[in-house]
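In: Have a look at this fold, sequence not included:
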């Protein structure tokens, strides 16, 4: 079924009172940002007359009553009715436990739109999987090789071009944690062995290092670029994470970069994602190097740098598209003509 154009459906149906669920997680690796973003969205939603429910994914579950009504519960037993007119914001690492991922699956089967859905969360939680998806879309990125075994590190290095420095990354993780700059064979072997010792089943990603003084985080919401920030490399480091001390500033994308970022978000089914890239030397002609896509992008540094209230904006954006999201969100968002 082809989705109706925005102007057509908005005239056809008056939207019911807007309801949403905020699924979050008290992450010990980042104790501040997840809850602050969740609380900010709840706060902005109330100002807009929306009814919201905040639930920690740890202990949350969903069930259907005898009369066919679905509720979502927190670990204290508090409940909130959810249906196809409810939007679920996911601000939690749901892929860490199968039961957490299954909760999203249950909601999606009821035609409840999740921002983001299980497929997006799984596609972006594993850096190698993200790399494969971007490669399928022919999006530019640093050359990368998966190291399955600690004894294969030098073989992977040779295949990558045998040129230091290189970057080695754990397949999961955020905030710059698990990302190491390697400048010698000894360091490569030692780091690979340590990562595999910590988790014998964990592969690591070996990646060429693209010289840069900054990278760019782009917030893509509902198929459009909301805004972008430039994050300078942290002094005496090689990373640019705001959590490590980088001070971001507002950034203007080229038309090519904007188009590429929307394509990257679409590749992972992202309704609201942070797309990270290293700019090319000629930003107007050459393709950017995509380095990561974050399905629960932080908002604090972005809001401060741009002066934009993204938490308020995402509520308004999805309120406008509520009916249309029910039809099946993703294809519609990226084919919308308005």
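Out: The structure has been received and is ready for your questions. What you are looking at is a predicted structure, and each value in this text was computed from that prediction instead of being measured.

In: what about stretch 149-163, distance to the chain center?
Out: 29 Å (CA atoms, centre = their mean, to the nearest Å).

In: How about stretch 196-213?
Out: 19 Å.

In: Give me the residue at the spatial middle of the chain.
Out: Nearest to the mean C-alpha position of the chain, by CA atoms, centre = their mean, lies residue 295 at 1.5 Å.

In: So the residue lying closest to it once chain neighbours are set aside versus residue 259, what's the distance?
Out: Nearest non-adjacent residue to residue 295, counting by CB to CB, 6 or more residues apart in numbering: residue 124, 4.3 Å away. For the C-beta atoms, the positions are set from N, CA and C on the backbone; glycine is no exception. Residue 124 sits 20 Å away from residue 259, going by CB to CB, to the nearest Å.

In: Compare these two (neighbour count), which wins?
Out: Counted by other CB atoms under 10 Å, residue 124 and residue 259 do not tie: residue 124 has more neighbours, with 24 against 12.

In: Quick one: residues in contact with the helix or strand encompassing the more buried one.
Out: Per DSSP states H and E, residue 124 falls inside helix 118-125. The contact list for helix 118-125, computed with CB atoms under 8 Å, 6 or more residues apart in numbering, reads 90, 93-95, 101, 104-105, 108, 116, 129-130, 133, 172, 268-271, 273, 292-295.

In: Can you tell me which of the residues you listed are buried?
Out: 90, 93-95, 104, 116, 130, 133, 172, 268-271, 273, 292-295 (16 or more other CB atoms under 10 Å).

In: Keep only those of the contacts of helix 118-125 that are in helices.
Out: Counting by DSSP state H, those place 101, 104, 105, 108, 129, 130, 133 in helices.

In: Lowest-confidence member of these, which is it?
Out: Of all those, residue 108 carries the smallest pLDDT score, 88.

In: list the contacts for that one?
Out: 114, 117, 118.

In: Quick check: the gap between it and residue 254.
Out: Applying CB to CB to residue 108 and residue 254 gives a distance of 35 Å.

In: for residue 140, same thing?
Out: From residue 140 to residue 254 the distance is 14 Å (CB to CB).

In: dump the residue contacts of residue 280.
Out: Counting by CB under 8 Å, 6+ apart, the residues that residue 280 touches are 286, 287, 288, 289.

In: now the last one, nearest residue through space, not along the chain?
Out: The shortest distance from residue 289 to any residue other than its chain neighbours is 4.3 Å, reached at residue 278 (CB to CB, 6+ apart).

In: Where do the helices of the stretch 1-150 of the chain begin and end?
Out: For the stretch 1-150 of the chain, the helices defined by DSSP state H, counting those that start in this stretch cover 6-12, 33-47, 98-109, 118-125, 127-136.

In: winner for burial among the ones you listed?
Out: helix 118-125 (a mean of 21; mean count of other CB atoms under 10 Å).

In: Please list all residues in contact with residue 181.
Out: When the contact criterion is CB under 8 Å, 6+ apart, the partners of residue 181 are 165, 166, 167, 209, 238.

In: Confirm that the last one sits in a helix.
Out: Read it as residue 238. No. Using DSSP: H, G, I helix; E, B strand; the rest coil, the assignment for residue 238 is coil, not a helix.

In: what's the spacing between the nearest residue to it once chain neighbours are set aside and residue 208?
Out: Distances taken as CB to CB, 6+ apart place residue 181 nearest to residue 238, at 4.8 Å, with adjacent residues excluded. Using CB to CB, residue 181 is found at 12 Å from residue 208.

In: any common contacting residues for the two?
Out: 166, 167.

In: quick one: low-confidence parts of this protein?
Out: 1-17, 27-35, 174-176, 198-202, 243-244, 320-338 (pLDDT under 70).
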